[in-house]
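> need a structure here:
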Amino acid sequence: MDTGLHAQSDTVDDPPAGGPPEGPSALAPSETGAGTGTDRAADETLEDYTLRFAPRSYRRWTPMVVATTALGGIAYLADFSIGAGIGLAHGTGNALAAIAVAAAVIFITGFPLAYYGARYNIDLDLITRGSGFGYYGSVLTSVIFASFTFIFFALEGSIMAQGLKLGLGLPLWLGYLVSTLMVIPLVIYGMKALSKLQVWTTPIWLLLMVGPLVYLIATDPGTVNRFLSYAGTDGDGGVNTASVLLGAGVCLSLIAQIGEQIDYLRFMPPKTEANRRGWWAAVIMAGPGWVVLGALKQAMGVFLAVYILSEVGPVAATEPIQQFRGAFDAMMPSWLVVPLAVVLVVISQIKINVTNAYSGSLAWTNSVTRVTKHYPGRMVFVLVNLAFALILMEADMFSFLNNILGFYSNCAIAWVVTVATDIGVNKYLLKLSPHAPEFRRGMLYAVNPVGVVAFVAASGLSIAMYFHALGDTLQPYSPVAAALIAFVVTPLMAVVTKGRYYLRRVDDGIDEPLLDAEGNPAATTYECHVCRQEFERPDLAACRTHDAVVCSLCLSTDKAGDHLLPAEPATAG
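Have a look, this model is predicted:
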């Protein structure tokens, strides 16, 4: 179908004057009755292109700035608690093996997701839609990801509240409230504000985190021997499969962190021959590479917990504020110990929880907009996510942390492995899944059984195993089951369905290709005839009832379906 339209511009050499639009929207109302709701949605989502493709004209950061910003989002101290909990229960040997196993799985599965997010400039929800789940099917995984963000917001908020109690004497309930409310002003402004915050705070955070560990090892080598020989409360010092897998299951709850990394990686500049090495280095480092630093922090958590165990006991030894208080106490005057420990906790909490609040709001907004065809505003879901997190904190989730994470990891593993398998196997090996990702309403089937069946089977069976439904012997193997079932069922369903449920249409009605000569999303802009804003080629499709094009968000909020192109039977490939 030829829309008869000409591109508004095909140059991207100059950044948009003044950045995204500000002030009241002056957009024309929709001809189909979308009205001011669509106008407000279009205007608001232009701040950081929530719910849609991130255009080349907006992506002005260098690969290293994007990578640094993304890595700033993994400043959380939860790794120290997770590592400490596993180490104290199962011993250092089992803990280190569990951390290594989980890190390997997270790196392997995160690589294709990070590449697709950076290469095609879309977030993980948009990737998931076209990688086996369908337009509405991926609502399931959006909720999984949103749950990840408020669970870990609550965990980091609990850690900060512990620091405020130690340093300022605030009761925990008030510390929970402070750690929640202080994030709101920082998360309002999207990628522009977050990139500055993460870049400027990272050096301070690294110095405070790594310095004490280096000092302890250099001045007291005996701490290393005590760390390596620690047997754990539930073990005899030996390494056994059940303990390793139980620990790995807790660590694998972090597998969904790749979604937050992609929320930044989608702003990578186009990959060209000139920037190829730097581009790949940034994608690997800030994509799957986040888990290298994460695994090191978990191992440090075991080390510090063993170091302070005799002084504070097993319960407090899992608290990062106590770990760093003990470490700082060995290297500096006593009057400086608590203030520095509190500063580290506060910086870490802010760096990660602005990301948790930001990414969670995107996930909730994505889901609700698709289901209701109404855009309620991202800030509504910032508050919703924070409310869930605050409830978990007030319920003292920190005291049963490993149980929550062990259960959650089954769902997260099933989702991430399913999408990664669809990209790596179904797209590249079997060629049954379309190579270029698709996310626009009207181009996708509502539900694709490939991903949905694989996810439900993997998460359902692994959760049953986790709760001992299949016997005590199999219980530790639930994360392994989640990964293996997803890995096997995803290509099996693609073969059974012959890939027919990926694309509702192959032709989006615009003659210009989606990708340019270098394989990057095309930068030519067109005007959406509903919201009257200009968007780049991948964010648009032709309109069913007009000789014009419509942007992806206006398609999402089209309640009458007037703009959606009719189905066109096609075979993916």
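> Could you measure from Cys528 over to Leu514?
Cys528 is 17 Å from Leu514, where distance means C-beta to C-beta, to the nearest Å. Where you see a C-beta, it was placed from the backbone N, CA and C, and this is true even at glycine.
> Let's see stretch 310-321 as CSV, backbone CA atoms only.
Presented in CSV, the C-alpha positions along stretch 310-321 are these (Å, rounded to 0.1, in the frame of the first residue of the first chain):
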residue,chain,number,x,y,z
SER,A,310,31.2,-12.8,65.2
GLU,A,311,30.6,-9.2,66.1
VAL,A,312,27.0,-8.6,65.0
GLY,A,313,25.5,-12.1,64.5
PRO,A,314,24.0,-13.8,61.5
VAL,A,315,20.9,-11.6,61.1
ALA,A,316,22.6,-8.3,61.1
ALA,A,317,25.5,-9.7,59.0
THR,A,318,23.3,-9.7,55.9
GLU,A,319,22.6,-5.9,56.3
PRO,A,320,24.9,-3.9,54.0
ILE,A,321,25.0,-1.0,56.5
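> I'd like the distance from stretch 411-429 to the chain centre, please.
Taking C-alpha atoms, centre = their mean, to the nearest Å, one finds the center of stretch 411-429 at 15 Å from the center of the full chain.
> swap in stretch 255-273?
Using C-alpha atoms, centre = their mean, the offset of stretch 255-273 from its chain centre is 10 Å.
> So Ala218, which state does it fall into?
Classification of Ala218 by DSSP: H, G, I helix; E, B strand; the rest coil places it in helix.
> Please apply the same query to Leu470.
Going by three-state DSSP: Leu470 is coil.
> Just confirm it contacts Ala464, I think it does.
Yes - using C-beta atoms under 8 Å, Leu470 is in contact with Ala464, at 6.0 Å.
> one step back: out of Cys528 and Leu514, which sits in the busier spot?
Cys528 (25 against 15; other C-beta atoms under 10 Å).
> my guess is the more buried one contacts His546, does it?
No - between Cys528 and His546 there is no contact under C-beta under 8 Å: 10.9 Å.
> In the chain, where is pLDDT below threshold?
Where the chain drops to pLDDT under 70, the residues are 1-48, 50, 73, 187-201, 234-237, 401-402, 569-573.
> In it, which helix is the longest?
helix 334-372 (DSSP state H).
> okay, the angle between the helix or strand following it and helix 334-372?
As assigned by DSSP states H and E, the chain's next helix or strand after helix 334-372 is helix 378-394. Angle of helix 378-394 versus helix 334-372, following axes from the mean of the first three to the mean of the last three C-alpha atoms, to 10 degrees, is 130 degrees.
> returning to that earlier point: may I see the buried residues of the longest helix of the chain?
337-338, 340-370 (16 or more other C-beta atoms under 10 Å).
> residue ranges of the helices in the stretch 401-550 of the chain, please?
Secondary structure of the stretch 401-550 of the chain (DSSP state H, counting those that start in this stretch): helices located at 401-421, 449-466, 478-497.
> Going by contacts, tell me the helices and strands next to the shortest one.
This points to helix 449-466. If contacts are counted by 3 or more C-beta pairs under 8 Å, 6 or more residues apart in numbering; DSSP states H and E, helix 449-466 sits against helix 139-168, helix 401-421, helix 478-497.
> Which residues in the last one does the neighbour count mark as buried?
Buried residues in helix 478-497, counting neighbours by 16+ other C-beta under 10 Å, are found at 478-487, 489-491, 493-494, 497.
> ok, residues contacting it?
For helix 478-497, the surrounding residues in contact (C-beta atoms under 8 Å, 6 or more residues apart in numbering) are 105, 132, 245, 248-249, 252, 409-410, 413-414, 417-418, 421-422, 425-426, 429-430, 432-433, 449-451, 453-455, 457-459, 461-463, 465-466, 474.
> Neighbour count says what about those? Which are buried?
105, 132, 245, 248-249, 252, 409-410, 413-414, 417-418, 421-422, 425-426, 432-433, 449-451, 453-455, 457-459, 461-463, 465-466, 474.
> re earlier: with respect to Arg532, which of the helices and strands packed on helix 449-466 lies nearest?
Closest approach to Arg532 among the helices and strands packed on helix 449-466 is made by helix 139-168 (28.4 Å; C-beta to C-beta).
> can you give me how far the closest one is from the chain middle?
With C-alpha atoms, centre = their mean, you get 14 Å for helix 139-168.
> got the angle between the helix or strand just after it and helix 378-394?
Next in sequence after helix 139-168, counting helices and strands by DSSP H and E, comes helix 172-181. Interaxial angle, helix 172-181 versus helix 378-394 (the same axes, to 10 degrees): 160 degrees.
> List of residues touching the helix or strand harbouring Thr128?
Thr128 belongs to helix 124-128 when elements are defined using DSSP H and E. Residues outside helix 124-128 that contact it (C-beta under 8 Å, 6+ apart) are 53, 113, 116-117, 120, 138, 141-142, 145, 258-259, 262-263, 362-363, 366, 415, 419, 423, 437, 439, 451.
> how far is it from where the chain is centred?
10 Å.
> same question, stretch 360-368
Offset of stretch 360-368 from its chain centre (C-alpha atoms, centre = their mean): 12 Å.
> Stretch 456-464 too?
21 Å.
> And stretch 298-305, by the same measure?
With C-alpha atoms, centre = their mean, you get 24 Å for stretch 298-305.
> How about residues contacting that stretch?
Stretch 298-305 is contacted from outside by 79-84, 86-88, 92, 95-96, 99, 209, 213, 223, 227, 230, 251, 317-318, 320, 323-324, 326-327, using C-beta under 8 Å, 6+ apart.
> cool, stretch 363-371 as well?
41, 50-51, 125, 135-136, 139, 142-143, 145-146, 149, 259, 374-378, 380-381, 384-385, 441, 553, 556-557.
> burial of Met331, as a residue count?
Met331 is flanked by 16 other residues according to other C-beta under 10 Å.
> Surely it is in contact with Tyr215?
Yes - using C-beta under 8 Å, Met331 is in contact with Tyr215, at 4.5 Å.
> Grab the CA positions of the helix or strand hosting Ala282 and hand them over as PDB.
Secondary structure assignment for Ala282, by DSSP H and E: helix 276-286. Taking C-alpha atoms only, helix 276-286 is exported to PDB below (Å, rounded to 0.1, in the frame of the first residue of the first chain):
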ATOM      1  CA  ARG A 276      31.600  -0.300  15.800                       C
ATOM      2  CA  ARG A 277      34.200  -1.200  18.500                       C
ATOM      3  CA  GLY A 278      33.000   1.400  21.000                       C
ATOM      4  CA  TRP A 279      29.400   0.500  20.300                       C
ATOM      5  CA  TRP A 280      29.900  -3.200  20.900                       C
ATOM      6  CA  ALA A 281      32.000  -2.600  24.000                       C
ATOM      7  CA  ALA A 282      29.300  -0.400  25.500                       C
ATOM      8  CA  VAL A 283      26.500  -2.900  24.700                       C
ATOM      9  CA  ILE A 284      28.400  -5.800  26.200                       C
ATOM     10  CA  MET A 285      29.600  -3.900  29.200                       C
ATOM     11  CA  ALA A 286      26.200  -2.300  30.100                       C
END
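> What residues sit buried inside it?
Buried, per 16+ other C-beta under 10 Å, within helix 276-286: Trp279, Ala282, Val283, Ile284, Met285, Ala286.
> list the contacts for the third one?
Right, Val283. If you count contacts by C-beta under 8 Å, 6+ apart, Val283 has them with Pro63, Ala67, Ala114, Tyr115, Ala118, Leu265, Met268.
> so can I have JSON lines of those showing neighbour count and secondary structure?
JSON lines is the format used below for the contacts of Val283 (neighbours: other C-beta atoms under 10 Å; DSSP: H, G, I helix; E, B strand; the rest coil):
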{"residue": "Pro63", "neighbour count": "22", "secondary structure": "helix"}
{"residue": "Ala67", "neighbour count": "27", "secondary structure": "helix"}
{"residue": "Ala114", "neighbour count": "27", "secondary structure": "helix"}
{"residue": "Tyr115", "neighbour count": "20", "secondary structure": "helix"}
{"residue": "Ala118", "neighbour count": "30", "secondary structure": "helix"}
{"residue": "Leu265", "neighbour count": "29", "secondary structure": "helix"}
{"residue": "Met268", "neighbour count": "28", "secondary structure": "coil"}
